[in-house]
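> no letters, just coordinates:
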């Protein structure tokens, strides 16, 4: 019997794959205050699911395509007189609504919409694991290769331009990485919780980090603890696994914030 025949092992490996990509990327989301952008990209992925089912394509390919279109559209319209928060709000909720309506109109395919909204990590198969880990590896390689440029463009766009680094290009690279993370994470935590896994580990790591690299490493650690603890608690108390993982992550964030408050007052 192979180790991967155990659904719990597959679930843990899937969660770890998502965390390894989402946690470091989430640090840039926090630094750049892109929380709403991540949420909008995640919401748009439901439309990608609907298109993939309608045209008999892979879910990963459909979600990735729509997420990339969302990223490119927002990047191109952001500087043309549109308020960014308004634009993201319109596109996020519109794409989510169109996606849900489109899914309901596909009679030839039966789909558990709740699994895509909130995740179904316990149903992850071998092929899903392969896609998740390949996507996570691609994001990690991209972040490592562009770390210095991304960090410079994030902290000081003017300095980046003076050093020959294009802030807009780095923004597009982050958008690409975010689209890949959304595509691989939809099976694990679902559309409505992807943004939480991007933001909460990074936010929880912030009080303990003195350098950007340390913050990314701590965020990965917090994500790993959240996945392991969330799966264990969900199995023990028979609760939805994806939301339980996010709940554990939120508790760790509260603990980190409380410890930071105590440290400042002592």
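Received it, and whenever you're ready, just let me know what you need. Worth saying up front: this structure is predicted, and the values here are computed from it rather than measured.

> could you check how far the helix or strand residue 176 falls within is from the centre of its chain?
Assessed by DSSP states H and E, residue 176 sits inside helix 167-185. Remark: helix 167-185 is offset 10 Å from the chain centroid, using C-alpha atoms, centre = their mean, to the nearest Å.

> so which elements touch it?
helix 7-31, helix 35-54, helix 59-77, helix 126-155, helix 157-162, helix 191-205 (3 or more C-beta pairs under 8 Å, 6 or more residues apart in numbering; DSSP states H and E). No exception for glycine: its C-beta is placed from N, CA and C like everyone else's.

> for the fourth one, name the packing helices and strands.
Using 3+ C-beta pairs under 8 Å, 6+ apart as the contact criterion, the neighbours of helix 126-155 among helices and strands are helix 7-31, helix 157-162, helix 167-185.

> what is the mean pLDDT for that helix?
Mean pLDDT, helix 126-155: 92.

> separation between residue 52 and residue 2?
Distance, residue 52 to residue 2, using C-beta to C-beta, to the nearest Å: 29 Å.

> ok, those two, which is more surrounded?
Between residue 52 and residue 2, counted using other C-beta atoms under 10 Å, residue 52 has the larger neighbour count: 20 against 7.

> picking up where we left off before, need the helices and strands packed on helix 167-185 in CSV with distance to residue 252, can you?
Conversion of the helices and strands packed on helix 167-185 to CSV gives the following (distance: least, C-beta to C-beta, whole Å):
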stretch, distance to residue 252
helix 7-31, 12
helix 35-54, 18
helix 59-77, 27
helix 126-155, 21
helix 157-162, 32
helix 191-205, 5
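
> so which of those comes closest to residue 119?
Nearest to residue 119 among the helices and strands packed on helix 167-185 is helix 191-205; the distance by C-beta to C-beta comes to 6.2 Å.

> which element follows the closest one toward the C-terminus?
Sequence-wise, the next helix or strand downstream of helix 191-205 (DSSP H and E) is helix 212-237.

> which positions in that next one come out as buried?
For helix 212-237, a neighbour-count test (16 or more other C-beta atoms under 10 Å) marks 212, 215-231, 233-234 as buried.

> for it, what is the distance to the chain centroid?
14 Å.

> what about the helix or strand following it, distance to the chain center?
Next in sequence after helix 212-237, counting helices and strands by DSSP H and E, comes helix 241-264. Distance, stretch centre to chain centre, for helix 241-264: 18 Å (C-alpha atoms, centre = their mean).

> state the mean pLDDT of helix 241-264.
For helix 241-264, mean pLDDT rounds to 92.

> and what of stretch 161-180?
So the average pLDDT for stretch 161-180 ends up being 88.

> begin at 2 from now on, thanks
Okay, residue one is now 2; in that scheme the one you just asked about reads as stretch 162-181.

> report the buried residues of that stretch.
For stretch 162-181, by 16+ other C-beta under 10 Å, it's 166, 168, 171-172, 174-181.

> dump the residue contacts of residue 166.
Contacts for residue 166 (C-beta atoms under 8 Å, 6 or more residues apart in numbering) come out as 150, 153-154.

> quick check: chain neighbours aside, which residue is closest to it?
With sequence-adjacent residues excluded and distances taken as C-beta to C-beta, 6 or more residues apart in numbering, residue 166 is closest to residue 150, at 4.9 Å.

> surely that neighbour and residue 171 touch.
Yes: counting by C-beta atoms under 8 Å, residue 171 is a contact partner of residue 150 at 5.8 Å.

> how many neighbours does the closest residue to residue 198 other than its chain neighbours have?
Beyond its immediate neighbours in the sequence, the residue positioned closest to residue 198 (C-beta to C-beta, 6+ apart) is residue 23, lying 5.0 Å away. Burial of residue 23 is recorded as 33 neighbouring residues (other C-beta under 10 Å).
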